[in-house]
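Colleague: Turn this into a structure:
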Amino acid sequence: MRILLVEDEKSIQDIVKLNLEIEDYEVVVTESGKEALQFFEQQHFELVILDVMLPDISGLQVCEAIRNKNSIIPIIIVSAKDTSSDRIKGLKYGADDYLIKPFHLEELVLRIEKLISRSQIQEDDIIVYNFGPHYVNLSTYKACGVNGEFTLTNREALLMKLFIERKDKVLSRQQILKVVWGYDVYPSTRTIDNFVLSLRKYFEANPRTPQYFHSIRGVGYKFTPDQE
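Modeller: Predicted structure coming up:
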């Protein structure tokens, strides 16, 4: 079990890392919000512990960016800000729990165990998605399209996950950019068009007349998996 700890107070870093390692968790530590987003993009974690006050970007911004990419991974905010409005703001940005500093380490461990257990149940429900004669495995990135089995890239898998979660709804290019490409790394909208074109080649019998991935003129795209 791997945990991403985003905390800029060295004393808290050390004691939380030590106690979680005693509980057999592997802990990756950073004090940078931007580095946390890079770690999250490149590695796999079961849970994120996130401070609000960070030296570069706000922990709330990090929370929002992670949640836009992954709707399941548990996020615990730990902060000295203890007003009800602070807690509500943290939950609105996508956190699953909000723990006020100073906190008891035993309580933190119990909350971690509960959230990871809940998220694993949710992940089991959505690992493989079938539409038409095709399927996508969101865990392994394996898929089956018109030309048989293949492997999606990380970006393609994130885009497919977004389409699946919001099937039959119109997604603007700006929404897709924010979720798939992250908080502060926006490529051109033409990049999205190219990725959707790739998905059409994978899953459409005739990419020129798509059955599943539809262009919505002047807006973006819509995924309609239940079309006959």
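Colleague: Can you give me the domain boundaries for the protein?
Modeller: For the chain, automatic domain parsing gives the domain ranges 2-125, 127-223.
Colleague: how about the ones you listed in JSON lines, adding mean pLDDT and mean neighbour count?
Modeller: All C-beta spots, glycine's among them, are computed from the backbone N, C-alpha and C. Converted to JSON lines, these look like this (pLDDT from 0 to 100; neighbours: other C-beta atoms under 10 Å):
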{"stretch": "domain 2-125", "mean pLDDT": "90", "mean neighbour count": "17"}
{"stretch": "domain 127-223", "mean pLDDT": "88", "mean neighbour count": "16"}
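Colleague: Strands of the protein, residue ranges please.
Modeller: 2-6, 26-30, 47-51, 75-79, 97-100, 128-131, 134-137, 142-145, 148-151, 170-172, 213-216, 220-223 (DSSP state E).
Colleague: Of those, which is nearest residue 164?
Modeller: For residue 164, the closest of the strands of the chain is strand 128-131, at 5.2 Å, according to C-beta to C-beta.
Colleague: what are the pairing partners of the closest one, and which direction each?
Modeller: Strand 128-131 sits in its sheet next to strand 134-137 (antiparallel), going by DSSP bridges.
Colleague: what distance separates the strand it pairs with from the middle of the whole chain?
Modeller: 19 Å (C-alpha atoms, centre = their mean, to the nearest Å).
Colleague: and what of stretch 212-228?
Modeller: Put simply, stretch 212-228 sits 22 Å off its chain's centre (C-alpha atoms, centre = their mean).
Colleague: Point to the residue nearest the middle of the protein.
Modeller: residue 70 (1.9 Å; C-alpha atoms, centre = their mean).
Colleague: how much space between that residue and residue 44?
Modeller: Look at residue 70 and residue 44: by C-beta to C-beta, to the nearest Å, they are 10 Å apart.
Colleague: what do you get for residue 51?
Modeller: Counting by C-beta to C-beta - residue 51 and residue 44 are separated by 21 Å.
Colleague: Repeat that for residue 31.
Modeller: Distance from residue 31 to residue 44, counting by C-beta to C-beta: 21 Å.
Colleague: Also residue 159?
Modeller: 18 Å.
Colleague: Just to check, residue 21 is in contact with residue 15?
Modeller: No. Between residue 21 and residue 15 there is no contact under C-beta atoms under 8 Å: 10.9 Å.
Colleague: for this protein, what spans make up the helices?
Modeller: All helices of the chain, identified by DSSP state H, fall at 10-22, 33-42, 59-69, 84-92, 105-126, 154-165, 173-176, 189-203.
Colleague: Please identify which of these is closest to residue 143.
Modeller: Closest to residue 143 of the helices of the chain, according to C-beta to C-beta: helix 189-203, at 6.9 Å.
Colleague: what's the distance between the nearest residue to residue 23 once chain neighbours are set aside and residue 119?
Modeller: Counting by C-beta to C-beta, 6 or more residues apart in numbering, residue 109 is the residue found nearest to residue 23 once chain neighbours are left out, at 5.8 Å. Here residue 109 is placed at a distance of 16 Å from residue 119 (C-beta to C-beta).
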